[in-house]
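> sharing a model prediction with you, sequence too.
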Amino acid sequence: LGFDPWLQTIGDVKALKASAEKSGAVLVPLEKNPIDVIWKDQPEPPLAPVELHPIAFAGELAKDKLARLAEAIGKDGATHAVLTDPSSIAWA
């Protein structure tokens, strides 16, 4: 399984490697992100840094949201979730 090492923490890679090996797979760090290679009309990177919304807008601290998410995922025995929808990522 190829992965972009610039998008993963060392801890994530260790966990993914252990999980992959249980399934007989091997993790391979890629030199170039495969999505970047095929996505020819990518938008330009943001010009300003990301800022956290005040709690009045967010409604809840990110750490509390992520704790609820982890609890919900863990109830079914899962250990990870993949968030790909921009609105889900922004929510977290």
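Arrived safely.
> run a quick neighbour tally on the closest residue in space to residue 25 that isn't next to it in sequence.
In space, residue 25 comes closest to residue 1 once its chain neighbours are excluded; the distance is 5.3 Å by Cβ to Cβ, 6 or more residues apart in numbering. All C-beta spots, glycine's among them, are computed from the backbone N, C-alpha and C. A count of neighbours around residue 1, defined by other Cβ atoms under 10 Å, yields 12.
> does anything pack onto the lowest-mean-pLDDT helix or strand in the chain? Which helices or strands?
Scoring the helices and strands of the chain by mean pLDDT, DSSP states H and E places helix 86-91 at the bottom, with a mean of 82. Helices and strands touching helix 86-91, as assessed by 3 or more Cβ pairs under 8 Å, 6 or more residues apart in numbering; DSSP states H and E, are absent.
> with only the CA atoms kept, save it in PDB.
Output of helix 86-91 as PDB, limited to C-alpha atoms (Å, rounded to 0.1, in the frame of the first residue of the first chain):
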ATOM      1  CA  PRO A  86     -14.300  18.800   3.500                       C
ATOM      2  CA  SER A  87     -17.300  19.600   5.700                       C
ATOM      3  CA  SER A  88     -16.500  16.700   8.000                       C
ATOM      4  CA  ILE A  89     -12.900  17.800   8.300                       C
ATOM      5  CA  ALA A  90     -13.900  21.400   9.000                       C
ATOM      6  CA  TRP A  91     -16.300  20.100  11.600                       C
END
